[in-house]
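[1] Requesting a structural model of the entry that follows:
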Amino acid sequence: MHNVTIEYCKLCRWMMRASWMAQELLTTFTEELSEVTLRQGTGGVFNVYVNKELIFCRKDEGRHPEITELKQLVRDKIAPQKSLGHSDKK
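    Here you go, the predicted structure:
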């Protein structure tokens with residue numbers, strides 16, 4: 001089983017976005033994920049880690065991830081054979 005950590009800026013009030021993304025990931029990867037952890041940060045941070053490996057950084061990308069993009073990034077790390085249906089890459 002794998003884990004995802006979403007680190008979000010509490011000063012920017014991105015907890016709702018982080019918790020929604022956590023819910024989406026837990027719903028999509030019911031058999032693959034053991035947990036999704038939300039971690040507060042500051043300084044405009046919005047980072048997503050899979051098994052402690054950074055897979056998305058808002059500061060590097062200059063934007064937040066789209067949920068379909070995030071699901072694809074997580075899938076590619078933990079279950080590359082898994083189909084995401086309509087959320088999959090075209």
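[2] Can you show me the CA trace of the helix or strand harbouring Gln23 as PDB?
    Using DSSP states H and E, Gln23 falls within helix 15-28. The C-alpha coordinates for helix 15-28 follow below in PDB (Å, rounded to 0.1, in the frame of the first residue of the first chain):
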ATOM      1  CA  MET A  15      -7.100  23.400   3.000                       C
ATOM      2  CA  MET A  16     -10.500  22.900   1.100                       C
ATOM      3  CA  ARG A  17      -8.700  22.300  -2.200                       C
ATOM      4  CA  ALA A  18      -6.300  19.900  -0.500                       C
ATOM      5  CA  SER A  19      -9.000  17.900   1.200                       C
ATOM      6  CA  TRP A  20     -11.100  17.700  -1.900                       C
ATOM      7  CA  MET A  21      -8.100  16.300  -3.800                       C
ATOM      8  CA  ALA A  22      -7.400  13.900  -1.000                       C
ATOM      9  CA  GLN A  23     -11.000  12.700  -1.200                       C
ATOM     10  CA  GLU A  24     -10.800  12.200  -5.000                       C
ATOM     11  CA  LEU A  25      -7.500  10.200  -4.700                       C
ATOM     12  CA  LEU A  26      -8.900   8.000  -2.000                       C
ATOM     13  CA  THR A  27     -12.000   7.300  -4.100                       C
ATOM     14  CA  THR A  28     -10.000   6.500  -7.200                       C
END
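[3] Could you list the low-pLDDT ranges of this protein?
    Across the chain, the ranges flagged by pLDDT under 70 are 89-90.
[4] quick revisit: now the helix holding Gln23: buried residues?
    Arg17, Ala18, Met21, Ala22, Glu24, Leu25, Thr28 (16 or more other CB atoms under 10 Å). Just so you know, the C-beta spots here come from the backbone N, C-alpha and C atoms, and that holds for glycine as well.
[5] how about these in CSV, adding distance to Val74?
    Below are the buried residues of helix 15-28 laid out as CSV (distance: CB to CB, whole Å):
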residue, distance to Val74
Arg17, 16
Ala18, 14
Met21, 10
Ala22, 11
Glu24, 10
Leu25, 6
Thr28, 8
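[6] Could I have the CA atoms of stretch 67-87 written out in CSV?
    C-alpha atoms of stretch 67-87 as CSV (Å, rounded to 0.1, in the frame of the first residue of the first chain):
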residue,chain,number,x,y,z
ILE,A,67,-7.5,16.7,-10.6
THR,A,68,-7.3,14.6,-13.7
GLU,A,69,-3.6,15.5,-14.0
LEU,A,70,-3.0,14.7,-10.3
LYS,A,71,-4.7,11.3,-10.7
GLN,A,72,-2.5,10.5,-13.7
LEU,A,73,0.6,11.4,-11.8
VAL,A,74,-0.3,9.3,-8.8
ARG,A,75,-1.4,6.4,-11.0
ASP,A,76,1.9,6.5,-12.9
LYS,A,77,3.8,6.1,-9.6
ILE,A,78,1.7,3.5,-7.8
ALA,A,79,-0.4,1.5,-10.4
PRO,A,80,0.7,2.2,-14.0
GLN,A,81,-1.5,-0.5,-15.4
LYS,A,82,-4.7,1.0,-13.8
SER,A,83,-7.2,2.6,-16.1
LEU,A,84,-8.6,6.0,-15.0
GLY,A,85,-11.6,5.8,-17.5
HIS,A,86,-12.6,9.2,-18.7
SER,A,87,-9.9,10.9,-16.6
